[in-house]
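Visitor: This is a predicted model, with the sequence first.
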Amino acid sequence: MAKNCGTRESVLIPTGLGPSRTYPTIRSLGRRGINTVVASEHDNPPVFASRYCGERLSVPAPDVDLVGYKNALLGLASRPDVRTVIPAREEDAYVFSRYRDEFDEVVDLVAPSFEVLRRSQDRLQLAAAAEKAGVPVPETRLLSEVDDWEPELIIKSRYNLLADGYVDGYAPGQSSKVKSVKHLSPGEHPDVDAILDEMKHDPIVQEYVTSSDEYMFAGLYDHGEPLATFQHRQIRGDSYVGGGGVYRKSVYIEELEQVANDLLSELDWHGLACVEYMCDAETGEFKLTEINPRMWQSLPATVHAGADFPYYYWQAATDQIDRIDPRYEIDSGSHSLRGELGYVLSLFRDESPHVERPSLGATARELFSSFCEDPYLDYTHVDDLGLFVSGANRMLRNRLHGSS
């Protein structure tokens, strides 16, 4: 929907507390003179301290009132200066697609239809789509259908977000997330009833894949055709058993590009996609983990490597697709300082029968070596230290509060 307001153009950026998916967007677009309208349910998220945060507004919490959250975003998107809205959370992607007709009336989005979104966010349907596209994927079944517990297995939510468009029993304004992943030893019989009660739906069970490496493929797509893509290898996650990347290096692997393109083409994908893969240690295949239809946790590393997806999204939403330059630097490394701390804490907090716990000494040596090789840290920009200071203060207050 073209808007001609005769004023400075704006972008609406919903955000939670974590800055990883929104600060690079605020910085990228703010530096280009685009007014960043940043909206949060929190009073003072760290990104509000950025010099590139143009407006700071309040919206309802999506996990409390999803319809109220949608209506607030819709109201802000109706402003004549707001050209587009950039998804940072599962709730954003959900309301953009679920209520697409309402958003299409007032703003230009780059988002999949709800049918496509639902197919990608249902991990059972996603596995079927991957098989149809000829893309390797771990064997995937519903928990209620498993009768053989001898293999190494993991149990995880069927959906990233539980909401009425995906599962029964939720009102339109209700939603929740189930992040827990259960690793089972061979022959271990879980308490199925307890898991169904805890996860509030029938989750999936997948074969455990021993991986030699983990990779992320990111893309911006126009109805199944790539406008820009990016890859990185995850060297460390926020836990030794896995999780979001906190130390990553940009790569380009033709086979990874091919399997990701095959899957997203099969889905007729439109918009942002963060696709996670494991490299099977036995076969060398890139096996699909999941798709996230929004900006990703490691976005600072992506932008640091030169792949400016916030700006790509803006260009796609404002009819400038032909100006997208998708080139990026290979072997660019980046760290999340807070994430690296989480990795160290996971040595004492997390456990898995499938992953050997590294020693603290070996971890310290690896950290020192990687920081020497790639000293770049997310969020530490000398021209905009407000975010770093605000985040550090918040983390310190939380630690002090927790110990009191």
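Guide: Looks like it came in fine.
Visitor: how about the residue nearest in space to the middle of the chain, phi and psi?
Guide: Against the mean C-alpha coordinate of the chain, by CA atoms, centre = their mean, the closest residue is residue 296 at 3.4 Å. Residue 296 adopts backbone torsions of phi -120, psi 160, taken as degrees, to the nearest 10.
Visitor: Show the contacting residues for it.
Guide: Residues near residue 296 by CB atoms under 8 Å, 6 or more residues apart in numbering: 21, 216, 218, 274, 302. C-betas here are computed from N, CA, C, even on glycine.
Visitor: Could you identify the most distant pair in those?
Guide: For those, the farthest-apart pair by CB to CB is 21 and 216; their separation is 13.3 Å.
Visitor: Can you report how many residues lie near the residue lying closest to residue 8 once chain neighbours are set aside?
Guide: Spatial nearest neighbour of residue 8, excluding adjacent residues (CB to CB, 6 or more residues apart in numbering): residue 35 at 5.1 Å. When neighbours are defined as other CB atoms under 10 Å, residue 35 has 18 of them.
Visitor: Need the per-residue pLDDT for residue 35.
Guide: In the prediction, the pLDDT value recorded for residue 35 is 98.
Visitor: need the contact list for it.
Guide: Here residue 35 is in contact with 8, 9, 10, 11, 54, 55, 81 (criterion: CB under 8 Å, 6+ apart).
Visitor: Could you check how far the residue nearest to the centre of the chain is from residue 61?
Guide: 22 Å (CB to CB, to the nearest Å).
Visitor: likewise residue 285?
Guide: Taken as CB to CB, the span from residue 285 to residue 61 is 41 Å.
Visitor: Ends of stretch 134-144, what's the gap?
Guide: 26 Å (CA to CA, to the nearest Å).
Visitor: and residue 220, that's in a strand?
Guide: Yes - according to DSSP: H, G, I helix; E, B strand; the rest coil, the state of residue 220 is that of a strand.
Visitor: wait, doesn't it sit right on residue 271?
Guide: Yes - with contacts counted by CB atoms under 8 Å, residue 220 reaches residue 271, the gap being 7.1 Å.
Visitor: can you list the domains in this protein?
Guide: 10-111, 139-207, 211-393 (automatic domain parsing).
Visitor: Out of the ones you listed, which is the most enclosed?
Guide: Counting by mean count of other CB atoms under 10 Å, domain 10-111 has the highest mean neighbour count of the domains of the chain, with a mean of 20.
Visitor: what about that domain, start to end distance?
Guide: 18 Å.
Visitor: about what we covered before: confidence-wise, which of the contacts of residue 296 comes last?
Guide: Minimum pLDDT across those falls on residue 21, with 93.
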